[in-house]
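1. sequence first, predicted coordinates after that:
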Amino acid sequence: MHYVWMALVGFVVGLIARAVLPGTQSLGLIMTTLLGIVGSLVAGWAGQALGWYAQGQAVGFLASVAGAVVVLFVYTLVVKPSNPPA
């Protein structure tokens with residue numbers, strides 16, 4: 001049940017991150033969910049490195065959204081749609 005809950009929260013976090021970041025991101029349902037889950041993991045890792053969270057402590061929802069926005073920003077930089085020459 002833990003993994004289902006993590007996927008559901010990851011999906012919601014991914015949707016919020018896509019809404020916050022300007023521009024159009026053409027991500028499907030699975031990529032949006034993975035974006036939210038990875039964003040939450042990044043926020044947890046960064047929070048532990050900075051001393052904000054202890055090992056095993058749940059990451060806050062806003063921190064998860066912030067992590068997902070960072071991951072989405074990096075994703076859009078790496079996977080830019082190529083503009084064909086006119």
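-> Perfect, thanks for sending it.

2. select the longest helix from the chain.
-> Selection of the longest helix in the chain by residue count, based on DSSP state H, yields helix 29-50.

3. spatially central residue in this protein, please.
-> By CA atoms, centre = their mean, the chain has its centre lying nearest to Ala68, at 2.2 Å.

4. for it, which non-adjacent residue is closest in space?
-> Leaving out its chain neighbours, the residue that sits closest to Ala68 by CB to CB, 6 or more residues apart in numbering is Gly39, at 2.6 Å. (Glycine included, C-beta is placed from N, CA and C.)

5. contacts only, for that neighbour.
-> Contact analysis of Gly39 by CB atoms under 8 Å, 6 or more residues apart in numbering lists 10, 13-14, 17, 64-72.

6. what is the rounded mean pLDDT of stretch 73-83?
-> Taken as a whole, stretch 73-83 has a mean pLDDT of 79.

7. and for stretch 36-51?
-> Throughout stretch 36-51, pLDDT has a mean value of 84.

8. go on, stretch 7-15?
-> pLDDT averaged over stretch 7-15 gives 85.

9. from Val71, how far off is Ser26?
-> According to CB to CB, to the nearest Å, Ser26 stands 16 Å off from Val71.

10. neighbour count winner among those two?
-> Of the pair Ser26 and Val71, Val71 is the one with more neighbours under other CB atoms under 10 Å, namely 22 against 7.

11. please, which helix or strand holds the more buried one?
-> Secondary structure assigned from DSSP states H and E places Val71 in helix 61-78.

12. quick one: that helix to chain centroid distance?
-> Centroid displacement of helix 61-78 relative to its chain, using CA atoms, centre = their mean, to the nearest Å, is 4 Å.

13. show residues contacting that helix.
-> 9, 13-14, 16-18, 20-21, 23, 25, 35-36, 38-44, 46-47, 52, 59.

14. can we see that at 10 Å?
-> By CB atoms under 10 Å, 6 or more residues apart in numbering, the residues outside helix 61-78 that reach it are 9-10, 12-21, 23-25, 27, 31-32, 34-47, 52-53, 58-60.
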